[in-house]
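**Student:** Could you look at this predicted model? Sequence included:
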Amino acid sequence: MSVRLRVLVVEDNALNRQLVRDVLELRGHEVLEAEDVPTGLALALEAVPDVAVLDIQLPGGGGEALARALRREPRLRRLPLLAVTAYAMPGDRERFLAAGFDGYLSKPIDTRAFGPTVEAFCAERSGGGDG
């Protein structure tokens, strides 16, 4: 039942990026990686992923700026965006959604739940494959 996803991961911390990559690749997904906003935007435009997992604290403008930039691109306007951050303050979820994110996950990630969560999020955002 698992569908192979192309997942863009934009995370400046190499260890966090490796953890996310390992979890997703073990589930059979293709992982594209960037460590800053300009590289993440360029990679998204080139590869057109199925979902993007973006850290909030990123060099080059931050995850919120990247989400806004992705939303301005016609080919990426419907790209599911997941914010991942250790900074969970009251109002952050609303701020992330206003910036264009579709969902939010807190760090540290739960390695057992992360893959299924990303997959379920993609299925939900794409209409569950019914279209």
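**Tutor:** Received, thanks.

**Student:** only C-alpha atoms for contact and neighbour calcs from this point on.
**Tutor:** Fine.

**Student:** show me where the chain has strands.
**Tutor:** If you assign secondary structure with DSSP state E, the strands in the chain sit at 6-10, 30-34, 51-55, 81-85, 103-106.

**Student:** Point out the other helices and strands that the longest helix seen in the chain packs with.
**Tutor:** As far as residue count goes, and with DSSP state H defining each element, the longest helix of the chain is helix 111-125. Taking 3 or more C-alpha pairs under 8 Å, 6 or more residues apart in numbering; DSSP states H and E as the contact definition, the neighbouring helices and strands of helix 111-125 are helix 14-26.

**Student:** on that earlier part again, highest mean neighbour count out of the strands of the chain?
**Tutor:** Ranked by mean neighbour count, the strands of the chain are led by strand 51-55 with a mean of 26 (mean count of other C-alpha atoms under 10 Å).

**Student:** As PDB, could you dump the C-alpha coordinates of that one?
**Tutor:** Below are the C-alpha coordinates for strand 51-55, written out as PDB (Å, rounded to 0.1, in the frame of the first residue of the first chain):
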ATOM      1  CA  VAL A  51       6.000  16.800   0.000                       C
ATOM      2  CA  ALA A  52       8.400  19.200   1.700                       C
ATOM      3  CA  VAL A  53       9.500  18.900   5.300                       C
ATOM      4  CA  LEU A  54      11.000  22.300   6.400                       C
ATOM      5  CA  ASP A  55      12.800  23.300   9.500                       C
END
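
**Student:** chain center to that strand, what's the gap?
**Tutor:** Using C-alpha atoms, centre = their mean, to the nearest Å, the mean C-alpha position of strand 51-55 is found 1 Å from that of the whole chain.

**Student:** where in the chain is pLDDT low?
**Tutor:** In the predicted model of the chain, residues 1-2, 126-131 satisfy pLDDT under 70.
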